[in-house]
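[1] Need the 3D shape of this:
(one chain, ligands or ions: 1)
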Amino acid sequence: MLITAAMPAEVELIIPHLKKAGNLGRRPFWHGRLGKEKVWLLLTGLGMVNAAQAVTAALENLVSCRVVLNIGCAGAYESGPGLGQAVVAERVVLADMGVVEKHSWRDLSAIKIPLLPLTEGQKPVFNVFECDPGLNRGFLKSCPDLTTGVFATVNQVSGDIESARVVARRWQAQLEDMETAAVAQVAALYQKPFTSVRGVSNLAGDRHLDLKIGAEAAQRAVLAYCGLN
Ligand SMILES: O=C(O)c1cccc(C(=O)CC[C@H]2O[C@@H](n3cnc4c(=O)[nH]cnc43)[C@H](O)[C@@H]2O)c1
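    Next up, the predicted model:
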């Protein structure tokens, strides 16, 4: 399993279980066993470009990697989960990729060019990546406190509640982050099952974050999934 996170604070509980293994794609990575799982842990840096570059480098090199998991903290949209709640993604979306015309926003289907090569019998992929149902069942079984939801991955972080509300409504999303859908897109290109578990660090639109509370919630879910609780 390849586990990716953006920032060191998001992997502090997991790192003590693993060994530093140098750099991969110029990103620090660790390797070892987390209970039942053989794991590579990769720090990608902030945002979608960093995440996509790091995961591409990892999947080009780690040929025996079967599954990709993204973890970290996230902002929760109003009426979404509370601070410290861990959530597993049903689907993740490239939430602000599309067309703006006269202040009106449309998703990538307006451009009609899919993000992934078309495969027979599959619908074209524009903004939305479905997470792996089998992986999600495993998480929900081992972590009864987990909830599920849609993750909106943005380049423009919501800086006020009204802006957050627009993104939440557009995608029926519960959480906002800056990397998940980019990791999902690269995992899909490499045909690797993918999911994401994130913990709530703030109300989306409120820039006061408790990184530790959010990051620890997600990591505890990962440790439980691996049988280490
Ligand atoms: O200073 C700010 O305005 C600010 C706003 C949002 C997040 C940050 C961070 O330093 C953490 C970024 C990190 O955590 C994820 N994250 C956490 N909360 C949110 C959010 O409300 N909107 C988008 N991303 C969020 C994100 O994936 C980053 O990796 C600072």
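
[2] can we go C-alpha only for contacts and neighbour counts from here?
    Noted.

[3] Residue 166: what secondary structure?
    Per DSSP: H, G, I helix; E, B strand; the rest coil, the local secondary structure of residue 166 is helix.

[4] and it, what is it in contact with?
    With contacts defined as Cα atoms under 8 Å, 6 or more residues apart in numbering, residue 166 is in contact with no residue.

[5] per-residue confidence at it?
    The pLDDT attached to residue 166 in the predicted structure is 97.

[6] Number of residues surrounding residue 23?
    By the other Cα atoms under 10 Å criterion, the neighbourhood of residue 23 contains 13 residues.

[7] can you check residue 145 too?
    Residue 145 sits with 12 neighbouring residues when counted by other Cα under 10 Å.

[8] Skipping its backbone neighbours, what lies nearest it in space?
    residue 86 (7.6 Å; Cα to Cα, 6 or more residues apart in numbering).

[9] hey, what's that neighbour bridged with?
    Residue 86 has the following beta-bridge partners by DSSP bridges: residue 199.

[10] so it makes contact with residue 213?
    No: applying Cα atoms under 8 Å as the test, residue 86 and residue 213 come out as separate, 9.8 Å apart.

[11] Give me the common contacts of those two.
    Between them, residue 86 and residue 213 have 199-200 as joint contacts when contacts are counted by Cα under 8 Å, 6+ apart.

[12] Show me which of these two is the more surrounded one.
    When residue 86 is set against residue 213 and neighbours are counted by other Cα under 10 Å, the residue ahead is residue 86, at 30 against 19.

[13] what residues are up against that one?
    Contact criterion Cα under 8 Å, 6+ apart gives 145-147, 197-200, 214, 217-218, 221 as the residues in contact with residue 86.

[14] Spell out which residues of this structure are next to the ligand.
    6, 46, 73-75, 157-158, 176-179, 201-202, 204, 207 (Cα under 6 Å from any ligand atom).

[15] For these, pick the one with the most neighbours.
    Among these, the one with the most neighbours (other Cα under 10 Å) is residue 73, at 35 neighbours.

[16] Confirm that that residue lies within a strand, as I assumed.
    Yes: going by three-state DSSP, the assignment for residue 73 places it inside a strand.

[17] these two touch, right, it and residue 204?
    No: the pair residue 73 and residue 204 fails to qualify as a contact (Cα under 8 Å) at a distance of 11.4 Å.

[18] Roughly how far does the residue most central in space within the chain sit from residue 90?
    Taking Cα atoms, centre = their mean, the centroid of the chain lies closest to residue 180, which sits 2.9 Å from it. Here the criterion is Cα to Cα, to the nearest Å. By it, residue 180 lies 12 Å from residue 90.

[19] ok, back up a step: so among the residues of the chain next to the ligand, where is pLDDT lowest?
    Across those, the smallest pLDDT goes to residue 207, namely 90.

[20] next one: phi and psi at the closest residue to that residue other than its chain neighbours?
    Distances taken as Cα to Cα, 6+ apart place residue 159 nearest to residue 207, at 6.6 Å, with adjacent residues excluded. The phi and psi torsions at residue 159 (degrees, to the nearest 10) take the values phi -100, psi 0.

[21] Can you read off the pLDDT for residue 159?
    In this prediction, residue 159 carries a pLDDT score of 97.

[22] tally of neighbours for it?
    Here the count is done by other Cα under 10 Å, and residue 159 has 12 residues near it.

[23] need the contact list for it.
    For residue 159, counting by Cα under 8 Å, 6+ apart, the contacting residues are 204-207.
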